[in-house]
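Asker: With the sequence up front, the predicted model follows.
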Amino acid sequence: MRKKIVAGNWKMNLDSREAHLLFEELNNYPSFEGVNLIIAPPSIYLDSFSKHKQNIHLAAQNVSAHLNGAYTGQISSSMLSAMNLNYCIVGHSERRIYNNESNEQIFQKAKSLLDHNIQPILCCGELLEDREAGDAFKVVEQQLSLELTKFTKQQMSNVIVAYEPVWAIGTGVTASSDDAQQMHQFIRTLISTHFDNQLANEISILYGGSCKPDNAKELFSQNDIDGGLIGGASLKFDSFISIAKSF
Ligand code: PGA
């Protein structure tokens, strides 16, 4: 049985009071049978949350590919690991686009996380122009190719993949459940080809991009969709919990 996961990417939202209130509500909510609830708050809140976490898991939104040193503004995998963090998002399209992160850098970040026992939530997803040109599958395969060819089976088994078509992020336009399922199945087949069927069937693949309470059930009912990476709808307790109940 694959892990079902609902992860909230708060991005650069919520002031300290709002963030602590939402954390408290989620943290006090009885844990879900079979669903891993994760939040990725701005890094400035991670230390405080990690000291109080009970029912909620924590993820960072980003990490440096370097171990330590003169990298102003960066946070290392060992710092995250010292806070007992279990997850970190890497390769989010906003970082690929605004920070010019390359597939190589994203691979190095994922590797550094795995070296510190943190599970990368590895994002991939095509631009609208890629999809319109019929290149969506090719782009996603390229984005994942370093992990698929360079990680050992053991390393890959600790990766969570998140398929997030860029044109669906924050736009209110969701991929149809058929399109999302097709891509998730494609990703699972890639994993099976590069490793084996057993691993492909064990890895959780999340959908992200305007996932909301009213479309989560339909998305999560697809064979290869194991949950969601949620942006906007993770900023409110009710909508986030309602998505987490959509399996
Ligand atoms: P969204 O963001 O749910 O607001 O579209 C998803 C994401 O960027 O992870």
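Answerer: Alright, I've got the coordinates. On a predicted model such as this, the values are computed, not experimentally measured, just so you know.
Asker: mind checking the backbone torsions on the residue of the chain found nearest the ligand?
Answerer: Sorted by distance to the ligand under CB to the nearest ligand atom, the residues of the chain start with residue 231, at 2.2 Å. Every C-beta, even on glycine, is put in place using the N, C-alpha and C of the backbone. Per-residue torsions, residue 231: phi -90, psi -100 (degrees, to the nearest 10).
Asker: Isn't it up against residue 172?
Answerer: No - look at residue 231 against residue 172 with CB atoms under 8 Å: they stay out of range, at 11.3 Å.
Asker: neighbour count winner among those two?
Answerer: When neighbours are counted by other CB atoms under 10 Å, residue 231 and residue 172 differ, and residue 231 comes out ahead with 22 against 9.
Asker: For that one, give me its contacts.
Answerer: Under the criterion of CB atoms under 8 Å, 6 or more residues apart in numbering, the contact list for residue 231 reads 8-9, 11, 169-170, 208.
Asker: What parts of this protein come near the ligand?
Answerer: 9, 164, 169-170, 208-211, 229-233 (CB under 6 Å from any ligand atom).
Asker: Can you add secondary structure and pLDDT and give those back as a markdown table?
Answerer: Below are the residues of the chain next to the ligand laid out as a markdown table (DSSP: H, G, I helix; E, B strand; the rest coil; pLDDT from 0 to 100):
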| residue | secondary structure | pLDDT |
| --- | --- | --- |
| 9 | strand | 98 |
| 164 | coil | 98 |
| 169 | coil | 90 |
| 170 | coil | 88 |
| 208 | strand | 97 |
| 209 | coil | 96 |
| 210 | coil | 94 |
| 211 | coil | 96 |
| 229 | strand | 98 |
| 230 | strand | 98 |
| 231 | coil | 98 |
| 232 | helix | 97 |
| 233 | helix | 98 |
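Asker: farthest pair in these?
Answerer: Of all pairs drawn from the residues of the chain next to the ligand, the greatest distance, 13.7 Å, lies between 164 and 233 (CB to CB).
Asker: Pick out whichever of the two has more residues nearby.
Answerer: Higher neighbour count among residue 164 and residue 233: residue 164, with 26 against 20, using other CB under 10 Å.
Asker: and the residue nearest to residue 165 when sequence neighbours are not counted, how many residues sit next to it?
Answerer: Excluding the flanking residues, the one nearest residue 165 by CB to CB, 6 or more residues apart in numbering is residue 125, at 4.7 Å. Look at residue 125: counted by other CB under 10 Å, it has 27 neighbours.
Asker: OK, contacts around residue 125?
Answerer: By CB under 8 Å, 6+ apart, the contact set of residue 125 is 93, 140, 143, 163-166, 168-169, 208-209.
Asker: From what I see, residue 128 and residue 167 are in contact.
Answerer: Yes - between residue 128 and residue 167 there is a contact under CB under 8 Å: 3.8 Å.
Asker: and those two? which has more neighbours close in?
Answerer: residue 167 (19 against 14).
Asker: Residue 58 contacts residue 50, correct?
Answerer: Yes - the pair residue 58 / residue 50 is scored as a contact, 5.8 Å apart, by CB under 8 Å.
Asker: Can you show me the helices along this structure?
Answerer: 16-28, 46-52, 77-82, 93-98, 103-115, 128-132, 136-150, 153-156, 177-194, 197-202, 213-220, 237-244 (DSSP state H).
Asker: And the longest one, what does it pack against?
Answerer: Contacts defined by 3 or more CB pairs under 8 Å, 6 or more residues apart in numbering; DSSP states H and E place helix 177-194 against helix 136-150, strand 160-163, helix 197-202, strand 205-208, helix 213-220.
Asker: looking at the ones you listed, which is buried most?
Answerer: strand 205-208 (a mean of 28; mean count of other CB atoms under 10 Å).
Asker: The nearest residue to residue 183 once chain neighbours are set aside pairs with what?
Answerer: Distances taken as CB to CB, 6+ apart place residue 163 nearest to residue 183, at 5.3 Å, with adjacent residues excluded. Counting by DSSP bridges, residue 163 is bridged to residue 124, residue 207.
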